[in-house]
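K.L.:
would you be able to build a 3D model of this:
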Amino acid sequence: MLASVADGFALFLNAEVLLLCVLAVFVGLLLGVLPGLGGLTALALLLPFIYGMEPIAGLGFLLAAHAVVYTGGALTSIALGIPGSGPNAATVIDGYPMTLAGKGGIALGAAFASSGLGGVVGVIALVGLLPFLQPIVFHIGSPETFLFAVMGIIYVGVLGERSMARGLISGGLGVFLALFGYDRLAGVPRFWLDFDYLLDGIRLVPLVLGLFAVPEILDLALGRRAEVVATGSRDRFAQIGQGMKATILRPYLLIKSSLLGVFIGIVPGVGGDTAPFVAYASAKQTSPTPEAFGNGCVEGVIAPEASNNAKEGGALVTTLALGIPGSAGMSLLLGGFLLLGLEPGPDFLANHMDLAVGLAIVLAFANLVAVVVMAAASPLLLKIADLRPQVLAPVLAVLVVLGAFAYQNEPLDVVATFVIGVLGCAMKAMGYSRPALVLGFVMAPLIETYLHITLQAYGMSFLLRPGSLVLLALIVMGLSWGRLRRYFLAAASSGKRINAAE
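P.N.:
Numbers count the residues shown, from 1 in each chain. Model prediction:
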């Protein structure tokens, strides 16, 4: 393994590879900043360019661009309250209120530092797990995947902005919206209203843009946006440093959120969109001040951003070791392998461990370069939030239309974005959790598919599998943690009052 690490560094330390990785970082950040253009778009646009390249150069180019997309997406999430992509929706919850309070630089500094360090944790986990992963992943069957998805839904209640009930209602609405289109098991169309567009279901990008971008644009156009506390460029540089320091001073939160991202990324089929929501909910559950979340809490930025980038290391683990894409983005990366004449899987690790290590180094390098670039540019980019609403609203509207159309070159996606925007405005006005709806939408297909497979293969006895018992215990802990924490805090405060009286 040590020899493979040395060979991997030798592959990476090549002028062509380094130049391509730096170029890919700029492309990935640009696509991340533009609403609606996520990691899948980056890989799809760049895939044709790698034909004929050396494997480390071509795959490193794709991986570097994909790895930093969510770092770029943090900018619009924090500065404008509009997620750059689906996974960035969890960052909006606390990042945007921090901008309105004049602390946008702190939020961005925390986001960039946690993204970069989370990506490095994911790489360390990737290199450490590669030799041992195959037997572990083969023991994760449909029952465990189903329970992972259920555990994600349990966290919906925690994401409720004002109450668990509203969070669960929002999540349930997300599950319902995911049922539109063909039944994944029987092939029967559901809720399609004799409208061919709905046969393929509601798309994620129009959903996210409609829920988050349209309400913000409408508020800007009508002059209803909350006043942003003004800060100077020098203050913003200082704030970015404060945000990075805040991340470093919370090593437990950073490492826990990163490892959650790695763990969720490893499980095939669960999907990278889930990781930041689970990390956010976990941070809120274990925080001594959960009431601060949703009102501009820096921990609410660190947790989702750390897991967002760490999950790519986990997803790359299963892609390299088993040839099974750990996420949708890794499916396109798998196409890059095949285009260059390589086939990931157990034989790949036996014959190309140096290339696997080289790609892990590319992942770490891209994350760290992205932190430097965004930290240097963000004081200037944050001025976007200071623009007059009459200028900002039409520009954002154009970007949203372009992002919705570019997703699948489908004009009706633009129409769907603004139709869903009506729902987004209603949910914002009534205080329902829009991120919880996105999480329910993402998890619903997994629950439906893997529950059917599990019941067909195991019946109800799947609950007695060792992995299922562990996950059920975690689900129960998640449900009861809030009550237990309140009970212990009440008991502690009661004890202090008794001692004071004595």
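K.L.:
okay, now the unreliable bits of the stretch 51-200 of the chain?
P.N.:
85-86, 130-140, 152-153, 155-164 (pLDDT under 70).
K.L.:
do you know the pLDDT at residue 19?
P.N.:
For residue 19, the pLDDT comes out at 90.
K.L.:
likewise residue 38?
P.N.:
Reported pLDDT for residue 38: 59.
K.L.:
so which elements touch the strand or helix carrying residue 402?
P.N.:
Element membership of residue 402 [criterion: DSSP states H and E] is helix 389-408. Applying 3 or more CB pairs under 8 Å, 6 or more residues apart in numbering; DSSP states H and E, we find helix 389-408 packed against helix 204-208, helix 214-222, helix 411-430. (C-beta placed from N, C-alpha, C; glycine too.)
K.L.:
pLDDT (mean, whole number) over the second one?
P.N.:
When pLDDT is averaged along helix 214-222, the result is 80.
K.L.:
that one: how far from the chain's middle?
P.N.:
25 Å (CA atoms, centre = their mean, to the nearest Å).
K.L.:
let the chain start at 492 from now.
P.N.:
Renumbered: residue one is now 492, and that last one reads helix 705-713.
K.L.:
could you export it as CSV, CA atoms only?
P.N.:
Provided in CSV are the C-alpha atoms of helix 705-713 (Å, rounded to 0.1, in the frame of the first residue of the first chain):
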residue,chain,number,x,y,z
VAL,A,705,-38.5,31.9,-7.2
PRO,A,706,-39.6,33.1,-3.7
GLU,A,707,-36.4,35.1,-3.3
ILE,A,708,-36.7,36.6,-6.8
LEU,A,709,-40.3,37.6,-6.1
ASP,A,710,-39.3,39.2,-2.7
LEU,A,711,-36.6,41.2,-4.5
ALA,A,712,-38.9,42.3,-7.2
LEU,A,713,-41.6,43.4,-4.7
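K.L.:
helices and strands around the helix or strand following that helix, which ones?
P.N.:
Sequence order places helix 724-739 as the next helix or strand after helix 705-713, per DSSP H and E. Judged by 3+ CB pairs under 8 Å, 6+ apart, helix 724-739 is in contact with helix 595-620, helix 790-813, helix 837-872.
K.L.:
neighbouring contacts of stretch 828-837?
P.N.:
538, 541-542, 544, 546, 549-550, 625, 810-814, 825, 839, 843, 846 (CB atoms under 8 Å, 6 or more residues apart in numbering).
K.L.:
average pLDDT for that stretch, rounded please.
P.N.:
73.
K.L.:
how about that stretch: buried residues?
P.N.:
By 16 or more other CB atoms under 10 Å, the buried positions in stretch 828-837 come out as 828, 830, 831, 833, 835, 836.
K.L.:
and for stretch 908-927?
P.N.:
908-909, 911-912, 914-916, 918-919, 923-927.
K.L.:
using CSV, lay out the helices and strands packed on helix 724-739 together with distance to residue 572.
P.N.:
Output for these, formatted as CSV (distance: least, CB to CB, whole Å):
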stretch, distance to residue 572
helix 595-620, 11
helix 790-813, 13
helix 837-872, 15
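K.L.:
for those helices, which one sits closest to residue 579?
P.N.:
helix 790-813 (7.4 Å; CB to CB).
K.L.:
so which residue is dead centre in this protein?
P.N.:
Geometric centre of the chain, nearest residue: residue 578, 3.0 Å, by CA atoms, centre = their mean.
K.L.:
that one reaches residue 769, doesn't it?
P.N.:
No - counting by CB atoms under 8 Å, residue 578 sits too far from residue 769 to count as a contact (11.1 Å).
K.L.:
any idea how far the residue nearest to the centre of the chain lies from residue 866?
P.N.:
21 Å (CB to CB, to the nearest Å).
K.L.:
re earlier: and the residue nearest to the centre of the chain, how far from residue 738?
P.N.:
Using CB to CB, residue 578 is found at 18 Å from residue 738.
K.L.:
and residue 692, how far from residue 745?
P.N.:
For residue 692 relative to residue 745 (CB to CB), the value is 36 Å.
K.L.:
okay, those two: which has more neighbours?
P.N.:
Between residue 692 and residue 745, residue 745 has the larger neighbour count (other CB atoms under 10 Å), namely 24 against 20.
K.L.:
surely the more buried one is in contact with residue 738?
P.N.:
Yes - with contact defined as CB under 8 Å, residue 745 counts as touching residue 738 (6.1 Å).
K.L.:
any shared contact partners between those two?
P.N.:
In contact with both residue 745 and residue 738: 605, 608, 793, using CB under 8 Å, 6+ apart.
K.L.:
excluding its backbone neighbours, what's nearest the last one?
P.N.:
The shortest distance from residue 793 to any residue that is not its chain neighbour, by CB to CB, 6 or more residues apart in numbering, is 4.4 Å, and that residue is residue 605.
K.L.:
what residues does the one you found make contact with?
P.N.:
738, 745, 748, 792, 793, 794, 796, 797.
K.L.:
state the number of residues packed around residue 866.
P.N.:
Using other CB under 10 Å, residue 866 has 20 other residues around it.
K.L.:
whoops, I mixed them up, residue 588
P.N.:
20.
K.L.:
in three-state terms, label it for me.
P.N.:
What DSSP: H, G, I helix; E, B strand; the rest coil gives for residue 588 is helix.
K.L.:
I figured it hits residue 787, correct?
P.N.:
Yes - taking contacts as CB under 8 Å, residue 588 lies within contact range of residue 787: 3.7 Å.
K.L.:
quick one on the thing from earlier: now a ChimeraX select for only the buried ones of the contacts of stretch 828-837.
P.N.:
With 16+ other CB under 10 Å as the criterion, this ChimeraX line picks the buried residues out of the contacts of stretch 828-837:
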select :538,541,544,546,549,550,810,811,812,813,825,839,843,846
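K.L.:
what's the burial count for the residue lying closest to residue 907 once chain neighbours are set aside?
P.N.:
In this structure, residue 907 finds its nearest non-sequential neighbour in residue 697, 4.2 Å apart by CB to CB, 6+ apart. By other CB under 10 Å, 27 other residues sit near residue 697.
K.L.:
the inter-axis angle of the helix holding residue 893 versus helix 902-921?
P.N.:
For helix 880-899 against helix 902-921, the angle by axes from the mean of the first three to the mean of the last three CA atoms, to 10 degrees is 130 degrees.
K.L.:
can you give me the strands in the stretch 542-691 of the chain?
P.N.:
Along the stretch 542-691 of the chain, counting by DSSP state E, counting those that start in this stretch, strands occupy 672-673, 680-681.
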